[in-house]
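Undergrad: Sequence unavailable; structure follows:
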């Protein structure tokens, strides 16, 4: 097994990042190769993945260690992958997101093809870094949008519109 560890700091409270991490249906927005993601059952998710032109359905198990803000995951069929996200508050408005991914390079190459050896490890490392950057953008955009008060609705005094009349 090979292990990859990366981290990124985001400008968002730890709770905002934690909640986004659990929005499984949003995974295609920040996880490279995930085309569709649907949670089911208590801690399972079905992912439709495409890597190097190869499509595959993947069942995953997601386990929370909520108090420590750690979410572990592992695939249940086919390709053996597992990992963890750890969220650490830096202060009230900043969070460090750490990810660890464990994979068998030979199995990844057999299932998805593409480069092997160091080239495969480099491709996985780049993908994880990009995923983290996209996650940061998504969380920071949601936090910024939530901080903007809604615009007031302008109404003309004394005029009532009922069904367009």
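TA: Arrived safely, thanks for sending. Model, not experiment: these values are computed from the prediction.

Undergrad: pLDDT weak spots in this structure?
TA: Applying pLDDT under 70 to the chain flags the ranges 66, 109, 111-120, 150-151, 153-165.

Undergrad: So which residues of it form helices?
TA: Taking DSSP state H, the helices of the chain run over residues 14-21, 105-112, 117-147.

Undergrad: show me the residues around residue 26 that make contact.
TA: Contacts for residue 26 (CB atoms under 8 Å, 6 or more residues apart in numbering) come out as 20, 37, 138. Every residue, glycine included, has its C-beta placed from N, CA and C.

Undergrad: follow-up on the earlier one: comparing the helices of the chain, which comes out most buried?
TA: Ranked by mean neighbour count, those are led by helix 14-21 with a mean of 19 (mean count of other CB atoms under 10 Å).

Undergrad: Mind checking which residue lies nearest the centre of this protein?
TA: The centre of the chain sits closest to residue 27, judged by CA atoms, centre = their mean, with a distance of 4.6 Å.

Undergrad: how far away is it from residue 90?
TA: Remark: distance between residue 27 and residue 90 (CB to CB, to the nearest Å) = 24 Å.

Undergrad: Tell me where this protein has strands.
TA: Assigned by DSSP state E, the strands in the chain fall at 2-10, 34-40, 44-51, 54-65, 70-75, 81-91, 94-103.

Undergrad: quick one: buried residues of stretch 23-34?
TA: 24, 26, 27, 28, 30, 31, 32, 33, 34 (16 or more other CB atoms under 10 Å).

Undergrad: Start and end of it, how far apart?
TA: 14 Å (CA to CA, to the nearest Å).

Undergrad: how far out from the middle of the chain is it?
TA: 5 Å (CA atoms, centre = their mean, to the nearest Å).

Undergrad: ok now do the closest residue to residue 87 other than its chain neighbours, which residues does it touch?
TA: In space, and not counting its chain neighbours, residue 87 is closest to residue 69: 4.1 Å by CB to CB, 6 or more residues apart in numbering. For residue 69, the contacting residues are 14, 18, 86, 87, 88, by CB under 8 Å, 6+ apart.
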